[in-house]
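1. Model the following, please.
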Amino acid sequence: MPSISEDFRRRYLNVHEPYLDAIWAITVPSGRRDIPSSLIEELIESGQADESRSIRAMRNAWYHECAFFFAENDEEWLKFPPWRIIQFYYSVYCMLSAMVRCVDNTPRLAHQTMINKFTEGFVMHDRLSQVLFFAPFCFYVDNEGNVCPEPAYRISRTYARENDFPRLCQCLKSVPNRSNKPISLFHYFKLLREWATYEDSYIFINLYGPSVRDKLKYCLQHILPAFLTIGENFLVAFWGVDKIRTELEIFTSKMASITGYFPSTIQSRFDEYGYW
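-> Model (predicted):
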């Protein structure tokens, strides 16, 4: 039987750490992304939007983001690293769910189904991907095992294309594909959450040294807001500035008054967008 130390190296240091490092390295800065109204109108014409579920999922994404960032200091933040991974995943998942609910009003969707729909309907949507899904969130593995789109068109830095993109490809291809559906980074985030949930707790108690903890923290705290930017820009375009502004004001007010925590990361993103 392998020791805990060997298991830690085999299951995390040789797998998830280089994958997260590659995703972080390719991630471009967040900011406002204006989506053509013709593209939004095309999606609205499907007639399958579910405003209530979409807005609720967006609020849930914000709530999980608050839990993800909440800590007295850096040492406290990574005292229980699996929970940070889980909170990271649920914030990502809820935001992509908010987007899917703009085009699908099916009452119940399992996580795998939701991520499949998001991958095929959003990540692989040529026009939407061009204006909204910046690297690395635009990449996926198609049914023939090819990583798309071509990195030369989506990654501007030569070093990232030559050194980080191969690790990203390895990450995407590492996700088990039992349904023969296209695989995106969001499938990998689900796999990462499952690993964090069910792995031996002694790995997390005994073997997370400072450098490993710091890298995990840095990667997750960089990747999460970058993806949430995608969702927030899309939802502003789809539901309108006034609707999202109202929801944000109510959410931040309730968080501050009831929990005593002001969601500054969310507010600062919207300040940067300049929608109002």
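
2. which stretches of the protein have low pLDDT?
-> 1-2, 206-208 (pLDDT under 70).

3. Name all residues that make contact with the spatially most central residue of it.
-> The residue lying closest to the centre of the chain (C-alpha atoms, centre = their mean) is residue 92, at 3.8 Å. Residues near residue 92 by C-beta atoms under 8 Å, 6 or more residues apart in numbering: 61, 186, 189, 224, 227, 228. The way it works is simple: take the backbone N, C-alpha and C, and place the C-beta from them, glycine included.

4. For the fifth one, pull up the helix or strand it's in.
-> Assigning secondary structure by DSSP states H and E places residue 227 in helix 210-239.

5. Report all helices and strands that that helix contacts.
-> The helices and strands touching helix 210-239, judged by 3 or more C-beta pairs under 8 Å, 6 or more residues apart in numbering; DSSP states H and E, are helix 17-26, helix 37-44, helix 51-69, helix 81-100, helix 241-254, helix 264-273.

6. thinking in terms of the whole chain, how far from its middle is the fifth one?
-> The one in question is helix 241-254. Offset of helix 241-254 from its chain centre (C-alpha atoms, centre = their mean, to the nearest Å): 21 Å.

7. What angle do helix 264-273 and that helix make with each other?
-> Inter-element angle recorded for helix 241-254 and helix 264-273: 150 degrees (by axes from the mean of the first three to the mean of the last three C-alpha atoms, to 10 degrees).

8. related to what we said a few turns ago, nearest to residue 157, of the contacts of residue 92?
-> residue 227 (19.4 Å; C-beta to C-beta).

9. residues contacting that closest one?
-> Going by C-beta under 8 Å, 6+ apart, residue 227 touches 92, 95, 137.

10. Burial check on the last one, number of neighbours?
-> Read it as residue 137. 26 (other C-beta atoms under 10 Å).

11. gap between it and residue 30?
-> 11 Å (C-beta to C-beta, to the nearest Å).

12. what touches both of these two?
-> In contact with both residue 137 and residue 30: residue 226, using C-beta under 8 Å, 6+ apart.

13. and residue 71, helix, strand or coil?
-> Of the three states, residue 71 takes coil under DSSP: H, G, I helix; E, B strand; the rest coil.

14. Pull up the gap between it and residue 252, please.
-> In terms of C-beta to C-beta, residue 71 sits 19 Å off from residue 252.

15. These two - which one has more neighbours?
-> Neighbours were counted for residue 71 and for residue 252 using other C-beta under 10 Å; residue 252 has more, 19 against 14.

16. Can you give me every residue that contacts the more buried one?
-> 262, 263, 266, 267 are the contacts of residue 252 under C-beta under 8 Å, 6+ apart.

17. And what about residue 181, helix, strand or coil?
-> Strictly by three-state DSSP, residue 181 counts as coil.

18. pretty sure it contacts residue 117?
-> No - taking contacts as C-beta atoms under 8 Å, residue 181 lies outside contact range of residue 117: 9.7 Å.

19. these two touch, right, residue 16 and residue 194?
-> No - with contact defined as C-beta under 8 Å, residue 16 does not count as touching residue 194 (11.5 Å).

20. Please work out how many residues are found near residue 142.
-> Neighbour tally, residue 142, other C-beta under 10 Å: 12.

21. ok, now residue 23?
-> Around residue 23 there are 25 residues (other C-beta under 10 Å).

22. what do you get for the one 3 residues further on?
-> In terms of burial, residue 26 registers 24 neighbours under the definition other C-beta under 10 Å.

23. swap in the one 10 residues further on?
-> When neighbours are defined as other C-beta under 10 Å, residue 36 has 12 of them.

24. Now do the contacts for it.
-> So residue 36 contacts 127, 131 (C-beta under 8 Å, 6+ apart).

25. how far away is it from residue 205?
-> 50 Å.

26. Same check on residue 97?
-> 32 Å.

27. Using CSV, write out the CA atom coordinates for stretch 118-125.
-> Only the C-alpha atoms of stretch 118-125 are listed here, as CSV (Å, rounded to 0.1, in the frame of the first residue of the first chain):
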residue,chain,number,x,y,z
PHE,A,118,-23.2,24.7,-20.7
THR,A,119,-20.3,23.2,-22.7
GLU,A,120,-22.3,22.6,-25.8
GLY,A,121,-24.5,25.6,-25.7
PHE,A,122,-22.1,28.3,-24.5
VAL,A,123,-18.4,27.2,-24.6
MET,A,124,-18.8,25.7,-28.0
HIS,A,125,-21.1,28.5,-29.4
